[in-house]
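Model the following, please.
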Amino acid sequence: MWWDPRPLMLGALCVMTLAPPVAGCGHRPAAPAAAAPPPPPAVPSAAPPPPTLTGTRIAATAAGALVIDADSGALFAIDRDGRATAQVPIARDAGLLAHDPVRGIVFVADRGSDRLVVVDARRMVAIDAWPTPAEPFGVALTPDRATVLVTTIADRTLIALDARSGAEQWRAALSREPRGVAVSPGGTHVLVSSIATGALDDVALAAPHPVTTIPFDLECDRCEPGTVFARGSGGVIFLDAHRAVASFQREVPESSFVRTSGYGGAAFAPPVTHHLAFLSFPDHGLGAPIQAVAQVAQHQPRALVWDPGGDALYVAGLGSDSLLHLPGLTRATTDGVEASASDAVLRARGRCGPDGFAITADRDLLVVRRMHGTGLARSQVETLVAYLEALPPPRTPTRDPAAVARGRDIFDNAGGCTTCHEGTLYTDGALHTFTGMPTAADTPSLIGLAASAPYFHDGSAETLDDLLRGFGTARDMADLSSLTLAQREDLKAFLETR
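Modelled structure (predicted):
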């Protein structure tokens, strides 16, 4: 059975309220998910985890909801009828928020100005702003609400701030491109999702805050075989003190496709597939988890929300406008979860682009949408191209200036890199041929290189270290085999700051 949504328009923002146990807000089901068994249930927590433990774009409140809209850069207060009652300007391209309902405070990441904005949610007034490392994005509170945890993209850190004074308590180094953050309800560790690596960072909350990685399981009998890479989708959430779910995508470079002939020509699975990783941690909350993976039909499944009252997980596909509903996740058998799983296509005046979830006290599902529209005219395309070309480059990580200078000298004189990567954009704009796959490709710009993994034209070098050590399947590039380890580190520092 399907329920009609109540679309509530606010510029590029839409909040949809659904009466649970709803699988979606459309009228036709999407393609079914290919489910894999979740891990065996652990001992449930005494109480469901509060939503403050996970960064989000929307937080349910007694009066309605709080929404941070990255397009307008405003924090909105929305009433129960979906009307915007107040707003606080933060900044365009703002990151996520965390809401402390007891104190009536909202913490919002200002990605462009390197600060965490503190807002009095009852008066809808910004009351403070605390400095952070470069490019804050994910925000979450510890279970006692005494500490705010913030992921920073450019400087690749998790920083812990006192929730009342903003004083820095500690920081930990993360993998590149960190995004979503989720705190375990037991207060033992934090999971951070990256959109550039095939693993989660697992950070211990106890000093000295060691960081371990949890690689995603890439075994998949329904996926394209070959050399496999993965990157997180940014979504991660705890179901209780022992169980968590994270989203990621699995990728196979074109050069390693294994094609088989079939009726009507070659047949192969999609090179990019989307998955959920179900993680079950030991009873004490720390240590390597048991992991099981499900392939899902949702494209870019970065918004996750847990409904403890309905024992259900909701997963939104930003790129597919679809919603996956997994009821009975912690109590039902594997067969029961797979049999009851359902999909829906989200429909609300064009593209839906679900970008955030929240569950109200009445167990209504609130969905924030971003992309929508019916297409662009040629003049609009030209205007959009001009806008995109005028955008500032991605933020770069902080590196030792002396190492960057030595790396520049290697790039200009010893590496042979400027043969193709020249000028202010580090590209000659020409088409070059190769002996392997692909057979030809344009020279890409090196601007924003630190944020554009994986590398080579076929994506076969997962990191810059792999590229500089000659790993990957791409050929006919500059020969860097004569460089020492120190020289490669200097060249890497230079490339990361482009």
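
out of everything not next to it in sequence, what's closest to Ala77?
Excluding the flanking residues, the one nearest Ala77 by C-beta to C-beta, 6 or more residues apart in numbering is Ala86, at 4.4 Å. Yep, even glycine has a C-beta here, placed from its N, CA and C like the rest.

again with Pro301
Nearest one to Pro301, counting by C-beta to C-beta, 6+ apart, is Ser247 at 4.3 Å.

packing partners for the helix or strand in which that neighbour is found?
According to DSSP states H and E, Ser247 maps onto strand 243-251. Counting contacts by 3 or more C-beta pairs under 8 Å, 6 or more residues apart in numbering; DSSP states H and E, strand 243-251 packs against strand 189-194, strand 229-238, strand 272-280, strand 303-307.

closest one to Ala339 among the ones you listed?
Among the helices and strands packed on strand 243-251, the nearest to Ala339 by C-beta to C-beta is strand 272-280 (16.8 Å).

what's the average pLDDT for the strand holding Ser247?
In this model, strand 243-251 carries a mean pLDDT of 89.

ok and that strand relative to strand 189-194, angle-wise?
20 degrees (axes from the mean of the first three to the mean of the last three C-alpha atoms, to 10 degrees).

Parallel or antiparallel, which strands does strand 243-251 pair with?
Taking DSSP bridges as the criterion, strand 243-251 sits next to strand 229-238 (antiparallel), strand 272-280 (antiparallel) in its sheet.

export those strands to a markdown table and tack on mean pLDDT?
Shown next, in a markdown table, are the strands paired with strand 243-251 (pLDDT from 0 to 100):
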| stretch | mean pLDDT |
| --- | --- |
| strand 229-238 | 86 |
| strand 272-280 | 88 |
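
For Asp202, find the nearest of the ones you listed.
With C-beta to C-beta as the criterion, Asp202 lies closest to strand 272-280 of these, at 9.5 Å.

could you give the angle of that closest one to strand 303-307?
Using the same axes, to 10 degrees: strand 272-280 against strand 303-307 is 40 degrees.

so how far is the following helix or strand past strand 272-280 from its chain's centroid?
On the C-terminal side of strand 272-280, the closest following helix or strand by DSSP H and E is strand 290-296. Its chain's average C-alpha position is 17 Å from that of strand 290-296, according to C-alpha atoms, centre = their mean, to the nearest Å.

for the stretch 101-250 of the chain, which spans come out with low pLDDT?
221-226 (pLDDT under 70).

same thing but at 90, please
176, 196-198, 217-234, 240-242, 249-250 (pLDDT under 90).

where do the helices sit along the stretch 301-450 of the chain?
Along the stretch 301-450 of the chain, counting by DSSP state H, counting those that start in this stretch, helices occupy 334-340, 378-390, 401-409.

Touching, Pro397 and Ala173? I think so.
No. With contact defined as C-beta atoms under 8 Å, Pro397 and Ala173 do not form a contacting pair (10.6 Å).

Which residues are in contact with each of these two?
Arg156 (C-beta atoms under 8 Å, 6 or more residues apart in numbering).

check contacts around the residue nearest to Ala77.
Ala86 neighbours (C-beta under 8 Å, 6+ apart): Phe76, Ala77, Met124.

Which one (most neighbours) among these?
Highest neighbour count within the contacts of Ala86, by other C-beta atoms under 10 Å: Phe76, with 24 neighbours.

any idea which element that one lies in?
Per DSSP H and E: Phe76 is located in strand 74-79.

Give me the contacts around that strand.
For strand 74-79, contacts defined as C-beta under 8 Å, 6+ apart pick out 8, 10, 13, 15, 61, 63-69, 84-90, 94, 97, 106, 108, 119, 121, 124.

so of those, which ones are in strands?
Counting by DSSP state E, the part of these found in strands is 8, 10, 13, 15, 64-69, 84-89, 97, 106, 108, 119.
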